[in-house]
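Engineer: I'll drop the sequence and a predicted model, then ask my questions.
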Protein chains: 2
Amino acid sequence: MEVLIVGSVALDTVKTPYGVMEEGLGGSAMYSAVAASFFSPVKIVGVVGDDFPEKYIGILKKQKIDTGGLQRIKGGRTFRWSGIYEEKDLNSVVTLKTDLNVFADFHPILPEQYKKTPYIFLANIHPSLQMEVLHQLKSPKLVILDSMNLWIRTTKKELLDVLRKVDIFLLNDREAKMLCETTNLPYAANKILSMGPHLVIIKKGEHGAMMISKREMFSIPAYPIEDVLDPTGAGDAFAGGFIGYLASKDKVNEGILRQALAVGTVMASFNVQNFSLKGLLNVKKSSIKKRLETLKKFTEFSITEF
Amino acid sequence: MEVLIVGSVALDTVKTPYGVMEEGLGGSAMYSAVAASFFSPVKIVGVVGDDFPEKYIGILKKQKIDTGGLQRIKGGRTFRWSGIYEEKDLNSVVTLKTDLNVFADFHPILPEQYKKTPYIFLANIHPSLQMEVLHQLKSPKLVILDSMNLWIRTTKKELLDVLRKVDIFLLNDREAKMLCETTNLPYAANKILSMGPHLVIIKKGEHGAMMISKREMFSIPAYPIEDVLDPTGAGDAFAGGFIGYLASKDKVNEGILRQALAVGTVMASFNVQNFSLKGLLNVKKSSIKKRLETLKKFTEFSITEF
């Protein structure tokens, strides 16, 4: 089944201890769309300026991503973000500059043929824009929401409004703790369940992820990568792999959700091994499968008498 | 088979947002010995003053822990430690006071009948004292070493000397990163393997633990506890459950090591639910089993075609 992703499209300048990338293709919609495209047909809604390089459209087309919902603003400049990962700490980024440009006035407009898409990923953008998307959708099967610390801090009411209307909320551990004013993750997860979504997925970076519903809980480690070049977009690649896989099965139950979380974990692991989308673009299905098998072996244990 | 544990015995005063405990039984040897005692006979070597409450000896005896190696210094005062866990962050402690007292001049002396114990846990004490223990042992089957950030900072050479002589090194994620001057845990784990031990276990608190050898890797989440009252001793309870279980099987292979890590995880989860040793002491085998089964369910997933 098809996946619709609404989020940011950016030109990222990223510096890590291992190199610099200038104006690479980035943004939440890009990482998640490319990761999802390995499993299901993907449509994107976002905005760029007319400075957006044609080669980047080419990359999306090669992944068979439908760019019909990508607004191109005449005379506008594409959203730009730059950040630096400090020497020897790839787990946290320092934002150097955010130029919203065309993104500042963005309102997501879904082409008519997008409105009935069954699987929706509302990647990280302002919660009011996420609500605008929800109003345009016609009976989606599954809506997944991402967000960020900025919106928890500055537009919490709007975020909580959207949260009541989605199926799955995906956020990182710091955000979960911030939103619920606690440092206990299981407590935070359960509190978020009372805010609306049926399922909460907490991304923990190097520590993997956990998924909590009212009846079930699941925990998965990160796929271990020693040569992390650039962690930018890991969470979005995770989300993209997750929803892309779910849509390919077109069935949502605990078993398939767990498989999808494993797929997301593996897609994130490929993503961090190179700058921009380079880590994802050349991945083979056989490599995904191999990492899934390794990941499964990492977590298996038995119980015997004692 | 029998387990020998050498470590600290303390009277702990701990304050958390949920209460205060004054001069409760604590110390690395106590938490690990009690956790191990559920699975195997345990002997301890440590030191106390003659102010050490008789009721605490009673607690150890009730667990059938052999206290023949516990030195009692006439006119000496028992090691005291006090710490506070700040409001809403139970993941890090602030030490208020450390009174080494009799612990300052401690040298571990193994009674003759202790020297042939097959399973050894060198709980967190000065690495030179850990080396003294190693010199007294007669062909142990398995030696597990714990340590702390203080020794990495102040006596790294001595720590590295001990590290070359043990089978398993158990440390937390911050210590692993500090020791290897990196923020990448898989990298740190592999680097530690090159320092001597066959196996490294990295404790990650709320994020569980990972175990790495040259050929295998295993990751396990923490058992989720919403009502953490006092995290003191969690790492030691984990280590105690781990070695106690291993000794009960008297066989070390990947499958049993993984089971033992799960057992350690569960023992740590009981420990944090109450102050001092109260969380551990009244645990039933059936409750341990139940949490092991739940933990296993938390981590299971399948892989299908896509």
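Structural biologist: Received the coordinates, thanks.
Engineer: so what's A:Lys61 closest to, chain neighbours aside?
Structural biologist: If you skip the residues right next to it in sequence, A:Lys61 has A:Thr67 as its closest partner in space, 7.0 Å away by Cβ to Cβ, 6 or more residues apart in numbering or on different chains. Any C-beta I mention is one placed from the backbone N, CA and C, and that applies to glycine too.
Engineer: Where does the one you found sit, in terms of helix or strand?
Structural biologist: Element membership for A:Thr67, per DSSP states H and E: strand A:66-73.
Engineer: Longest helix in chain A, by number of residues?
Structural biologist: helix A:254-271 (DSSP state H).
Engineer: Report the mean confidence score over that one.
Structural biologist: In this model, helix A:254-271 carries a mean pLDDT of 98.
Engineer: Next, the buried residues of that helix.
Structural biologist: By 16 or more other Cβ atoms under 10 Å in any protein chain shown, the buried positions in helix A:254-271 come out as A:256-271.
Engineer: out of these, which touch chain B?
Structural biologist: Subset of the buried residues of helix A:254-271 in contact with chain B: A:258-259, A:261-263, counting by Cβ under 8 Å from any Cβ of the partner chain.
Engineer: Close to chain B: what parts of the stretch 201-306 of chain A are there?
Structural biologist: Applying Cβ under 8 Å from any Cβ, we find that the stretch 201-306 of chain A lies next to chain B at A:204, A:206-208, A:210, A:217-221, A:224-226, A:228, A:245, A:248-249, A:255, A:258-259, A:261-263, A:285, A:288-289, A:292-293, A:296, A:298-304, A:306.
Engineer: Out of those residues, which sit inside strands?
Structural biologist: When DSSP state E defines the strands, the subset of these inside them is A:210, A:217-220.
Engineer: With respect to chain B, which of the ones next to chain B among the buried residues of helix A:254-271 is nearest?
Structural biologist: Sorting these by how near they are to chain B, with Cβ to the nearest Cβ, puts A:Arg258 at the top with 3.9 Å.
Engineer: Spatially, which residue comes closest to that closest one, not counting chain neighbours?
Structural biologist: Across the structure, with Cβ to Cβ, 6+ apart as the measure, the residue nearest A:Arg258 apart from its sequence neighbours is B:Phe301 (3.9 Å).
Engineer: Work out the gap between the longest helix of chain A and the centre of the chain.
Structural biologist: Helix A:254-271 has its C-alpha centroid displaced from the chain centroid by 12 Å (Cα atoms, centre = their mean, to the nearest Å).
Engineer: hang on, the earlier thing: just give the number of residues close to the residue nearest to A:Arg258.
Structural biologist: Neighbour count for B:Phe301, taken as other Cβ atoms under 10 Å in any protein chain shown: 21.
Engineer: do A:Ala29 as well
Structural biologist: 29.
Engineer: what's near enough to touch it?
Structural biologist: Contacts for A:Ala29 were tallied using Cβ atoms under 8 Å, 6 or more residues apart in numbering or on different chains; they are A:5-9, A:44-46, A:123, A:236.
Engineer: got it, and A:Phe298?
Structural biologist: Taking Cβ under 8 Å, 6+ apart, we find A:Phe298 in contact with A:221, A:224, B:217-219.
Engineer: of these, the lowest pLDDT goes to which?
Structural biologist: A:Pro224 (93).
Engineer: what's the neighbour count on that residue?
Structural biologist: A:Pro224 has 20 neighbouring residues, counting by other Cβ under 10 Å.
Engineer: same check, this time on A:Ser287
Structural biologist: The number of residues packed around A:Ser287, counting by other Cβ under 10 Å, is 12.
Engineer: what does A:Gly83 give?
Structural biologist: Close neighbours of A:Gly83, defined as other Cβ under 10 Å, add up to 18.
Engineer: swap in A:Met210?
Structural biologist: Using other Cβ under 10 Å, the number of residues around A:Met210 comes to 25.
Engineer: and if you look at A:Thr154?
Structural biologist: A:Thr154 has 11 neighbouring residues, counting by other Cβ under 10 Å.
Engineer: if I look at the closest residue to A:Met217 other than its chain neighbours, how far off is B:Ser219?
Structural biologist: Once its chain neighbours are removed from consideration, A:Met217 has its nearest residue in B:Phe298; the separation is 5.5 Å (Cβ to Cβ, 6+ apart). As judged by Cβ to Cβ, to the nearest Å, B:Phe298 and B:Ser219 stand 12 Å apart.
Engineer: Check A:Tyr31 too.
Structural biologist: Here A:Tyr31 is placed at a distance of 24 Å from B:Ser219 (Cβ to Cβ).
Engineer: all helices of chain A, in order?
Structural biologist: When assigned using DSSP H, the helices of chain A occupy the ranges A:28-36, A:54-62, A:127-136, A:149-154, A:156-163, A:173-180, A:185-193, A:234-249, A:254-271, A:278-281, A:285-299.
Engineer: So which of those is the most surrounded?
Structural biologist: For these, ranked by mean neighbour count under the definition mean count of other Cβ atoms under 10 Å in any protein chain shown, the leader is helix A:28-36 at a mean of 31.
Engineer: what angle do that one and helix A:234-249 make?
Structural biologist: Calculated by axes from the mean of the first three to the mean of the last three Cα atoms, to 10 degrees, helix A:28-36 forms an angle of 50 degrees with helix A:234-249.
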